[in-house]
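Engineer: have a look at this prediction, sequence included:
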Amino acid sequence: MKPAIGIIGGSGVSGFDGLENVEERKVETPFGNPSDILIGGQYQGRQIWFLSRHGQNHTILPTEVNHRANFWALRSLGVRWVICATAVGSLKEEYAPRSVVLPDQYFDRTSQRAANTFFGDGIVAHVGFADPISGGLREILSRAGQEEGAEIHDGGTYVCMDGPAFSTRSESHYYRHFGFDIIGMTNLPEAKLAREAEIALATLGMVTDYDCWREDEASVEASSVVEHLAANAEMSARIIKRAIGLIPEEANWPEHQSLDAAIFTPRGAWPPETEEKLAPILNGR
């Protein structure tokens, strides 16, 4: 059976048409409930699982997203690639609203890091995270985006903040001073947990605004952001559909073996209850 592909949609991104044999799956996890019911189906011969990051009715704050439950659920369903579509603010003049940034790095400004790992409770693991994005999947998204006519910016640093308020002007200028590229509120925990779950992840950063660093125009407001969401959602769906056909059928990338040298706790010292809880993540180790 071919490994499945997961799609996590954010603000304004609620899936795409063309799925066959559509089903809904409610997954219970040791970490609580995922953000929503998972929607599954086949597209171009591949099993797809779609998950709405904030819930279908956008009822979950960025700091309320249960990322561990989301990725445990996806991994338990055989997902080995995840494409994250997420709304971001631009920190560079050339990254205009409705353009697409494919980040390859993160800068962490979040406060809830304890929830960004599956490990603990007797099993210690330290995954390599120098290159947090799957280069192979990012390359596929770049190619798909160019073929769809999107304005693609390949590479860049995503600043991840808690929210839900947007940045102050001082913060926005601080991020620009250090050369960061885009800002959002959810994607870094996803990248960390994907790496621990041996899932290759890449992100479509769909630009909605210029944050608030441009002094010559109004600061970012929810109303201005919403105006770009529909256009971004349409483009992200087109890119994802094209990318699906380019994703390999065998999960043999470096990200798919990220735990091989990462678990420090000897196998014989694993607490049985923790081993059971992490069964989809440990994958028979």
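Structural biologist: The structure has been received and is ready for your questions.
Engineer: distance from stretch 275-285 to the middle of the chain?
Structural biologist: Chain-centre distance of stretch 275-285: 22 Å, with CA atoms, centre = their mean, to the nearest Å.
Engineer: let me fix that: stretch 53-67
Structural biologist: With CA atoms, centre = their mean as the basis, the mean position of stretch 53-67 lies at 13 Å from the chain mean.
Engineer: first-to-last residue distance for it?
Structural biologist: 9 Å (CA to CA, to the nearest Å).
Engineer: and stretch 173-192, what's buried?
Structural biologist: Residues of stretch 173-192 classed as buried by neighbour count (16 or more other CB atoms under 10 Å): 175-176, 180-192. For every residue, glycine as well, the C-beta is placed using N, CA and C.
Engineer: ok, now which ones touch residue 258?
Structural biologist: When contacts are counted by CB atoms under 8 Å, 6 or more residues apart in numbering, residue 258 touches 127, 128, 195, 196, 198.
Engineer: from those residues, list just the buried residues.
Structural biologist: Among those, the ones that count as buried by 16+ other CB under 10 Å are 127, 195, 196, 198.
Engineer: tabulate the residues you listed (a markdown table), appending secondary structure.
Structural biologist: Below are the buried ones among the contacts of residue 258 laid out as a markdown table (DSSP: H, G, I helix; E, B strand; the rest coil):
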| residue | secondary structure |
| --- | --- |
| 127 | coil |
| 195 | helix |
| 196 | helix |
| 198 | coil |
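Engineer: out of those, who's nearest residue 208?
Structural biologist: Nearest to residue 208 out of these is residue 195 (CB to CB; 26.5 Å).
Engineer: I'd say that closest one and residue 126 touch.
Structural biologist: No - checked against CB atoms under 8 Å, the pair residue 195 and residue 126 is beyond contact range at 10.8 Å.
Engineer: what about residue 273, distance to residue 152?
Structural biologist: 46 Å (CB to CB, to the nearest Å).
Engineer: so between the two, which is more surrounded?
Structural biologist: residue 152 (18 against 11; other CB atoms under 10 Å).
Engineer: now do the more buried one against residue 145, distance only.
Structural biologist: Distance from residue 152 to residue 145, by CB to CB: 4 Å.
Engineer: which residues do those two both contact?
Structural biologist: Contacts common to residue 152 and residue 145, judged by CB under 8 Å, 6+ apart, are 100, 102.
Engineer: next up, phi/psi of residue 233, please.
Structural biologist: Dihedral angles of residue 233 (phi, psi; degrees, to the nearest 10) stand at phi -60, psi -40.
Engineer: kind regards, and thank you for your time.
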